[in-house]
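# this one's sequence-less:
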């Protein structure tokens with residue numbers, strides 16, 4: 001996978017994808033035009049080519065559309081997982097805020113340090129496709145403090161049980177986010193997308209159009225549309241990469257509202 005494209009601005013990524021498809025379309029048309037004129041110009045074959053282009057366009061369009069929808073659904077699911085982790089973190093912070101001192105402050109400081117790590121260190125790693133591991137130390141330290149607390153009253157017992165339950169939910173949400181870092185379409189699907197694009201574009205080369213400029217323009221328009229759809233699919237394929245990606249906004253909100261002044 002050419003992951004370097006996710007380091008480019010979205011407009012440049014889009015332009016390059018469309019340009020590659022347009023070069024394939026224009027280059028193939030210019031190379032095959034002499035053969036088409038010499039072999040096929042005498043027959044009225046444009047109707048047949050139109051039929052095959054329509055059929056292949058439908059099959060490829062449906063396939064690419066389903067893949068794009070799948071990429072969008074995966075993107076949305078990862079976004080939901082990130083929001084769920086941030087929400088669980090906020091609820092856990094609320095619970096430990098009611099703990100007696102000094103353990104209450106210690107627990108809040110651990111959560112604050114974890115949130116700062118996620119925003120400033122973990123997220124840049126995720127944008128590079130790396131699974132961050134530094135948060136494990138923060139989680140382990142928090143867990144030792146939390147599990148080492150001995151409730152002295154009935155109300156503290158209830159609060160402690162709720163905090164442990166919320167902590168487990170938070171850890172589960174965090175694990176789902178980390179697993180989503182490497183989420184992407186299988187390589188086989190990208191082969192289908194790439195080869196299908198080439199096959200669909202190649203059918204446009206068999207039209208016999210006396211005006212070569214008009215033919216070239218039609219090929220370029222069809223190729224650019226395919227390139228645009230491929231860009232859309234690729235941009236959403238890796239939820240944490242590129243400009244079209246999931247950011248740490250949910251954690252920033254939690255930090256600003258609950259932890260920044262603590």
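Yep, it's here. Note that the structure is a prediction, hence the values are computed from the model and not measured. Residues are numbered from 1 along each chain as shown.

# Look up how far residue 229 lies from residue 58.
As judged by C-beta to C-beta, to the nearest Å, residue 58 and residue 229 stand 14 Å apart. Backbone N, C-alpha and C define where each C-beta goes, glycine included.

# Let me see the ranges of the strands in the stretch 151-262 of the chain.
Taking DSSP state E, counting those that start in this stretch as the criterion, the stretch 151-262 of the chain contains no strands.

# Can you give me the pLDDT of the closest residue to residue 14 other than its chain neighbours?
Of all residues not flanking residue 14 in the chain, residue 231 sits nearest, at 4.6 Å (C-beta to C-beta, 6 or more residues apart in numbering). Looking at residue 231, its pLDDT reads 92.

# before we move on, what about residue 71?
Residue 71 carries a pLDDT value of 88.

# Does it lie in a helix or a strand, and which?
Secondary structure from DSSP states H and E places residue 71 in helix 46-96.

# Distance from the chain centre to that helix, please.
9 Å (C-alpha atoms, centre = their mean, to the nearest Å).

# tell me the angle the helix or strand that it is followed by makes with helix 46-96.
Next along the chain after helix 46-96, taking DSSP H and E as the criterion, comes helix 103-117. Put simply, helix 103-117 runs at 160 degrees to helix 46-96, going by axes from the mean of the first three to the mean of the last three C-alpha atoms, to 10 degrees.

# mind listing the helices for the stretch 151-262 of the chain?
Applying DSSP state H, counting those that start in this stretch to the stretch 151-262 of the chain gives helices spanning 154-180, 187-203, 212-237, 249-254.

# Dump those into a markdown table; add mean neighbour count as well.
Formatted as a markdown table, the helices of the stretch 151-262 of the chain follow (neighbours: other C-beta atoms under 10 Å):
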| stretch | mean neighbour count |
| --- | --- |
| helix 154-180 | 16 |
| helix 187-203 | 15 |
| helix 212-237 | 18 |
| helix 249-254 | 18 |
